[in-house]
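J.: Sharing a model prediction with you, sequence too.
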Amino acid sequence: MQDAAIVLVREVAQQEVIPRFLRARHALKDDGSLFSEADLAAQHYLAAHLPQIHDSPIIGEEMTRAEQRDGWQRGGDGLWCIDPIDGTTNFINGIPWFAVSLAWLKEGRTRLAVTYNPITDEMFYAREGHGAYLNGRRLPLRRVTTDLARAVADVDFKRIPKDLADRIAVDPPYYSQRNFGCSTLEWCNLAAGRLDLYLHGGQMLWDYAAGSLILREAGGQVCTLAEDDFDAAEVWQRPVVAALDPTVFAAWKGWLRAGSR
């Protein structure tokens, strides 16, 4: 399944996504986010070919909410979750930082994950219990800091409570901050050791399904702002608190929760 999923993700990126880069028509969804004809074409391609790898229900970002909920209800014994283009705003604006991402879940937990950046030709993938990899190289790529004060953070202020967001903006506990506008790749860069810690106020299932497994298989840890068990949180939208090094993770979680009381 993993090898076939990697082939399919690269194929859809090359055939449906990259040819539309800087050319795709786009519009606003009801929630105010962008989508493009490339998102729809990539989702259709994946949905048509995934049953050849494993015949499971499919949840895609560009499906209706009713279709997504129905897929989840039917997918206890196996479920594909796809983000045909994560980072659509980047894609539409010509920023070369977006990805095709898919995950296979069973009993509500991700068992297989593939995320591909077609601009850099970086293929991240993981299988439960077998480690995480980038183009065949095991993650992480480097040893990261064990000191929160020296950490490079990826912080997306979307959906972060205002009091906490103000505290982070005024007096952050880390060294430096980044945000790239593509959640699935942000998980992967954390797993690779390019970043030290991560915070997002609320990600959708297709934003975290693949990346959370890739990070954990690289040795990282993740929870929410309120719950230690990430997998027990609300499925459709979860805050993300994560780090690669366990000492940094504990310090980061403690700092965030101290400010949320």
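T.: In hand now; what should we look at?
J.: which residues of the chain fall in helices?
T.: 2-12, 37-49, 65-74, 88-93, 162-170, 183-192, 205-217, 246-258 (DSSP state H).
J.: from those helices, which stretch is densest packed?
T.: helix 183-192 (a mean of 29; mean count of other CB atoms under 10 Å). All C-beta spots, glycine's among them, are computed from the backbone N, C-alpha and C.
J.: what residues does it touch?
T.: Helix 183-192 is contacted by residues 83, 86-87, 97-99, 101, 115, 117, 122, 124, 132, 134, 139-142, 154, 156, 179-180, 195-198, 200, 203, 207-208, 210-212, 214-215, 217-218, 220, 242-244 when judged by CB atoms under 8 Å, 6 or more residues apart in numbering.
J.: before we move on, back to that, if we compare the helices of the chain, which one ends up closest to residue 228?
T.: Residue 228 sits nearest to helix 246-258 of all the helices of the chain, at 8.3 Å, using CB to CB.
J.: Check the separation of the first and last residues in stretch 192-207.
T.: End-to-end distance of stretch 192-207 (CA to CA, to the nearest Å): 17 Å.
J.: Same list (the helices of the chain) but as TSV, adding mean pLDDT and distance to residue 21.
T.: TSV is the format used below for the helices of the chain (pLDDT from 0 to 100; distance: least, CB to CB, whole Å):
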stretch	mean pLDDT	distance to residue 21
helix 2-12	98	14
helix 37-49	93	8
helix 65-74	94	27
helix 88-93	90	7
helix 162-170	94	32
helix 183-192	98	16
helix 205-217	97	21
helix 246-258	96	35
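J.: can you tell me which of the ones you listed comes nearest to residue 18?
T.: Nearest to residue 18, of all these, is helix 37-49, at 9.0 Å by CB to CB.
J.: Tell me the spacing between the residue nearest to the spatial centre of the chain and residue 81.
T.: Nearest to the geometric centre of the chain sits residue 184, at 2.6 Å (CA atoms, centre = their mean). Look at residue 184 and residue 81: by CB to CB, to the nearest Å, they are 11 Å apart.
J.: list the residues that contact both of those two?
T.: Contact criterion CB under 8 Å, 6+ apart; residues shared by residue 184 and residue 81: residue 210.
J.: Can you tell me which of the contacts of helix 183-192 are classed as buried?
T.: 83, 86-87, 97-99, 101, 115, 117, 122, 124, 132, 134, 139-140, 154, 156, 180, 195-198, 200, 203, 207-208, 210-212, 214-215, 217-218, 220, 242-244 (16 or more other CB atoms under 10 Å).
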